[in-house]
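Enquirer: Have a look; sequence and predicted model below, questions after that.
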Amino acid sequence: MKSYRNVFDAIRRDGHDEYFTPRHLRSFKPTSAAPGSRAKLDQLRDRVTLGLPLWHDADRRDYHELVAAVPPRYF
């Protein structure tokens, strides 16, 4: 996979498509990854790479019922 420093490098190397129309495939599935998580960002990257829509109507949009380890705060 190519590595870019920023979006402008990507456009210079690969161009852009102002009229991009995503492919709609049966295999296009929602993700339950938390918004902003590495897993969600990886999923979005994979969707773009495959020419799929960026968002799925059933993607997770909140953090409800997620459990995460939170380090203690020292004041």
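Expert: Done, it's in. All figures in this text were calculated on a predicted structure; none of them were measured in a lab. Numbers count the residues shown, from 1 in each chain.
Enquirer: State which helix of this structure is the longest.
Expert: Among the segments of the chain that qualify as a helix by DSSP state H, the longest is helix 38-50.
Enquirer: Now that one - C-alpha only, PDB.
Expert: Taking Å, rounded to 0.1, in the frame of the first residue of the first chain, the C-alpha atoms of helix 38-50 are listed here in PDB:
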ATOM      1  CA  ARG A  38      -8.200   2.500  14.800                       C
ATOM      2  CA  ALA A  39     -10.500  -0.300  13.700                       C
ATOM      3  CA  LYS A  40     -13.100   2.200  12.300                       C
ATOM      4  CA  LEU A  41     -10.400   4.200  10.500                       C
ATOM      5  CA  ASP A  42      -9.000   1.000   9.000                       C
ATOM      6  CA  GLN A  43     -12.500   0.000   7.900                       C
ATOM      7  CA  LEU A  44     -13.100   3.400   6.200                       C
ATOM      8  CA  ARG A  45      -9.700   3.100   4.500                       C
ATOM      9  CA  ASP A  46     -10.600  -0.300   3.200                       C
ATOM     10  CA  ARG A  47     -13.900   0.900   1.900                       C
ATOM     11  CA  VAL A  48     -12.400   3.700  -0.100                       C
ATOM     12  CA  THR A  49      -9.700   1.400  -1.500                       C
ATOM     13  CA  LEU A  50     -12.400  -1.000  -2.700                       C
END
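Enquirer: pLDDT of that helix, averaged?
Expert: For helix 38-50, mean pLDDT is 90.
Enquirer: how far out from the middle of the chain is it?
Expert: Using C-alpha atoms, centre = their mean, to the nearest Å, the mean C-alpha position of helix 38-50 is found 4 Å from that of the whole chain.
Enquirer: buried residues in it?
Expert: Buried residues in helix 38-50, counted by 16 or more other C-beta atoms under 10 Å: 40, 43, 44, 47. Using the backbone N, CA and C atoms, a C-beta is placed for each residue, glycine as well.
Enquirer: Which one of those is nearest to residue 23?
Expert: residue 47 (10.1 Å; C-beta to C-beta).
Enquirer: leaving aside the residues next to it on the chain, what's closest to that closest one?
Expert: residue 54 (5.8 Å; C-beta to C-beta, 6 or more residues apart in numbering).
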